[in-house]
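**Student:** how would this look folded up:
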Amino acid sequence: MNTTTTHESRASAARTIETGGHVLDLVIPVYNEEAGLERSVRTVRAYLNHCFPYPARLTIADNASTDGTLVIAQALAQELPGVRVVHLPAKGRGRALREVWLGSDAQVLAYLDVDLSTDLSALLPLVAPLVSGHSHLAIGTRLGRSSRVVRGPKREAISRCYNLLLRGMLAARFSDAQCGFKAIRADAARELLPLVEDTGWFFDTELLVLAERAGLRIHEVPVDWVDDPDSRVDIVPTAMADLRGVIRLGRDLMTGRLPLPEIGEHLPLVGDRIPRLEGSASAASLGPGGASPAARALLLHQLVRFAVVGVASTVAYALLFLLLRGPLGAQAANFAALLLTAIANTAANRRLTFGVRGADGAIRHQGQGLVVFALGWGLTSSTLGVLHAAVPGAPRGAELAALVVANLAATLLRFVLLRHWVFRRRTSPAGPTRQAPVSTTHPTHATTHETYETYASSTHETHATTKATSDAEATPVLAITEGGLR
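**Tutor:** Presented below is the predicted three-dimensional model:
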């Protein structure tokens, strides 16, 4: 364990509490919820006061409500310490969360639905991995094996089909995108939220997909969840909006316009400094067996894009070969088709697969790409020569089939050389130029276990003394010192 970072994190957490700062900012986004708002806010605030071991603020984010929601929220904020109201003139849960989270001074940002469908006992397991620095985001999941969910078969089927769609179209690995119970580290929010375009219900999905593609760690918490029969969600329009969001996000990921690999490098986890200080390769250059989640996500990202470019190049190569085979002959047609597609392939992979933009190094990259082309040409030419020696007068179909197989083998060689030679990220002899320190605003692994112990202790004491004074209620929170949670 990185001992220096651990002590720094504990000291930072202690300073936050001593200065009256908030570790958690818990947001409840609302739109026309005058009927149940007061009950929910009082329930959550009481839970934070009695059962949650960190200083927490409860924020009511009003999304342009047209009933008495805002008036009730303002009255609650005046009456209850630790409750505030943020009013937005436009609708949209995503818009509300972005506005409140980006303006918050807390270390961890979270939200839950106003209907309190998720049992609040999952709040500390949701937040603790982020406070400790173990994970970047945390989500409640209704689809885990140990989740306990009460809802109708219609909503169950819709939820499972939607998450299956995300796995198929966006290669998502998280289990539940739409559970209204999520948290994110503040530093991760500052990096990711400017990239999230959706302002409505698709906001959650887009945030999670971008985080996963950036190589961030997403912690999942099985929840106890009871469906709200008075839900305001209109299923059909929401489903259509989500589908449009999936298509748009997939297009954005394919074009490579989002700087996701860089985000992963800016957001280290606990212990990430150790391999960097020892001079090992950066996360972006590690192989699929490396320790960094960002490296594995980056490799998958590059493989998918390279495969798409490779398929397009193979199709273009086949068409060019067929067009040039008659006037030039087999060998010349093979050379010309390979040369033209190699130039286009290098340019496409430079921008789309490896994220290199601008004119700097473009000529060198094309020169190195031509060397890779020469190797591929040698492989395909030898394959064509062997075919002609074995089957004199082989038909064009046989020539094309043999060349396509050889070209696919050359494509695999091409990816390896492009990744580890042509577009390899240069680092100094001493190691990567960027050694991002672990954030000192979060307690670390050692603190996580103590957090749970404090939580259990504080919960037991709360049930035994429900009429304790406010000073006594604050005891579990104030027990955090520079030595850790006592």
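**Student:** hmm, which helix or strand of the protein has the shakiest average pLDDT?
**Tutor:** The weakest-scoring helix or strand in the chain, judged by mean pLDDT, DSSP states H and E, is strand 480-481 (a mean of 30).
**Student:** tell me how this structure divides into domains.
**Tutor:** Per the record, the chain has its domains at 3-268+440-485, 293-422, by automatic domain parsing.
**Student:** got those domains as TSV, with mean neighbour count columns?
**Tutor:** (Each C-beta comes from the backbone N, C-alpha and C, glycine too.) Shown next, in TSV, are these (neighbours: other Cβ atoms under 10 Å):
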stretch	mean neighbour count
domain 3-268+440-485	18
domain 293-422	17
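**Student:** which non-adjacent residue is nearest the residue minimising distance to the centre of the chain?
**Tutor:** Nearest to the mean C-alpha position of the chain, by Cα atoms, centre = their mean, lies residue 211 at 1.2 Å. Leaving out its chain neighbours, the residue that sits closest to residue 211 by Cβ to Cβ, 6 or more residues apart in numbering is residue 137, at 5.4 Å.
**Student:** which residues does stretch 360-377 contact?
**Tutor:** With Cβ atoms under 8 Å, 6 or more residues apart in numbering as the contact definition, stretch 360-377 has outside contacts at 334-335, 338-339, 342-343, 345-347, 350, 356, 407, 410-411, 413-414, 417-418, 421-423.
**Student:** quick one, longest helix in the protein?
**Tutor:** helix 293-328 (DSSP state H).
**Student:** against which helices or strands is that one packed?
**Tutor:** The helices and strands touching helix 293-328, judged by 3 or more Cβ pairs under 8 Å, 6 or more residues apart in numbering; DSSP states H and E, are helix 203-213, helix 260-266, helix 330-348, helix 396-417.
**Student:** run the chain-centre distance for stretch 129-136.
**Tutor:** 14 Å (Cα atoms, centre = their mean, to the nearest Å).
**Student:** low-confidence ranges, the stretch 1-150 of the chain, go.
**Tutor:** By pLDDT under 70, the low-scoring segments of the stretch 1-150 of the chain are 1-20.
**Student:** can you show me the strands along it?
**Tutor:** Using DSSP state E, counting those that start in this stretch, the strands of the stretch 1-150 of the chain run over residues 24-30, 56-63, 83-88, 108-112, 137-141, 148-150.
**Student:** among those strands, which is nearest residue 189?
**Tutor:** Nearest of those to residue 189, taken as Cβ to Cβ: strand 108-112 at 5.5 Å.
**Student:** so how far is that closest one from its chain's centroid?
**Tutor:** Distance of strand 108-112 from its chain centroid, counting by Cα atoms, centre = their mean, is 16 Å.
**Student:** got it, and stretch 26-46?
**Tutor:** Centre-to-centre, stretch 26-46 and its host chain are 28 Å apart (Cα atoms, centre = their mean).
**Student:** contacting residues around that stretch?
**Tutor:** Residues contacting stretch 26-46 (Cβ under 8 Å, 6+ apart): 48, 56-69, 72-73, 76, 80, 82-83, 91, 93, 96-97, 100-101, 109-116, 120, 123, 230, 232.
**Student:** can you rerun that using 6 Å?
**Tutor:** For stretch 26-46, the surrounding residues in contact (Cβ atoms under 6 Å, 6 or more residues apart in numbering) are 56, 58-63, 65, 67-69, 72, 76, 80, 83, 93, 96, 100, 110-111, 114, 116.
**Student:** got it, and stretch 386-403?
**Tutor:** With contact meaning Cβ under 6 Å, 6+ apart, stretch 386-403 is reached by 330, 380, 383.
**Student:** which of those residues sits closest to residue 318?
**Tutor:** Set against residue 318, the nearest of these by Cβ to Cβ is residue 380 (11.9 Å).
**Student:** show me where pLDDT drops low in the stretch 251-400 of the chain?
**Tutor:** 270-298.
**Student:** quick revisit: just checking, the residue nearest to the centre of the chain touches residue 138?
**Tutor:** No: applying Cβ atoms under 6 Å, one finds residue 211 not in contact with residue 138, separated by 10.9 Å.
**Student:** ends of stretch 249-263, what's the gap?
**Tutor:** Stretch 249-263 has an end-to-end distance of 17 Å (Cα to Cα, to the nearest Å).
**Student:** repeat that for stretch 245-265.
**Tutor:** Span of stretch 245-265 from end to end, Cα to Cα: 26 Å.
**Student:** what do you get for stretch 128-143?
**Tutor:** 21 Å.
**Student:** where do the helices sit along the stretch 351-486 of the chain?
**Tutor:** Here the stretch 351-486 of the chain has its helices, by DSSP state H, counting those that start in this stretch, at 362-390, 396-417, 445-464, 470-473, 475-478.
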